[in-house]
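In: Sequence first, then the predicted structure, then my questions.
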Amino acid sequence: MESINLKIHPTAEVSKLANIGPETSIWNNCQVRENAFIGHGAILGKDVYVDFDVQIGDNVKIQNGAYIYHGTTIESGVFIGPGVIFTNDKRPRAINPDGTIKGDTDWEVSSILVRYGASIGAGAIILPNVTIGQFAMVGAGSVVTRDVRDHALVLGNPARQIGYVCICGEKMSGAHPERLSCPTCGYQINLSDV
């Protein structure tokens, strides 16, 4: 673990086998498991759970009570709202067909990738085998069951795309069907590029 300006609350449980970058803050009652990687400048709010082998980039902000399970990769600059859950089992069962309790080798981990700059609203649930694109935005309470395009704005259960968002977070619009612009900062995207 890096120690340069690393802040770990005394109630947090952080594995000595975790790799945590400088300038990162880990708050009350967080748990960070073995071989998790957290980049520099990240913030983990109260009660965040980071499972073993999870990969988290630089300058990621994770709000209180988020659960990030094995198989999840979060790139840099991502925002994760309070109570977000990243799942990792497509066919969850407590027991095998013969009635014995399932062990570590009785199921297959499914992955989730959250790309650079994306935002996930409070209480969203991300199901396995999903990629959330760069600067995409997932609305609060949404259940994401399939891939989300770069800059897409998705809402609901299951989450459906209702538009596109700028790198600043504003909803984009445009008179040209293939080009959108931000009314706040002027940033533009070509839909053929996302």
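Out: Looks like it came in fine. Numbers count the residues shown, from 1 in each chain.
In: Okay, and the beta partners of residue 49?
Out: Legend: beta-bridge partners of residue 49 under DSSP bridges are residue 31, residue 67.
In: List the contacts of it.
Out: Contacts here follow Cβ atoms under 8 Å, 6 or more residues apart in numbering; on that basis residue 49 touches 30, 31, 66, 67, 68. The way it works is simple: take the backbone N, C-alpha and C, and place the C-beta from them, glycine included.
In: Can you give me the distance of it to residue 26?
Out: 12 Å (Cβ to Cβ, to the nearest Å).
In: Kindly report the same for residue 133.
Out: If you measure residue 133 against residue 26 using Cβ to Cβ, the figure is 28 Å.
In: ditto for residue 136
Out: Distance of residue 136 to residue 26, given as Cβ to Cβ: 26 Å.
In: Most neighbours among the contacts of residue 49, please name it.
Out: Within the contacts of residue 49, residue 68 tops the neighbour count with 28 neighbours, counted by other Cβ atoms under 10 Å.
In: Residue 104: neighbouring residues, count only.
Out: Residue crowding around residue 104 was assessed by other Cβ under 10 Å; the count is 6.
In: Ramachandran coordinates for it?
Out: Reported as degrees, to the nearest 10, the phi and psi values for residue 104 are phi -60, psi -30.
In: wait, residue 93 sits on residue 102?
Out: Yes. Taking contact to mean Cβ atoms under 8 Å, the distance of 6.2 Å between residue 93 and residue 102 places them in contact.
In: Give the residue spans of this protein that score low on pLDDT.
Out: Counting by pLDDT under 70, the ranges of the chain that qualify are 1-3, 175.
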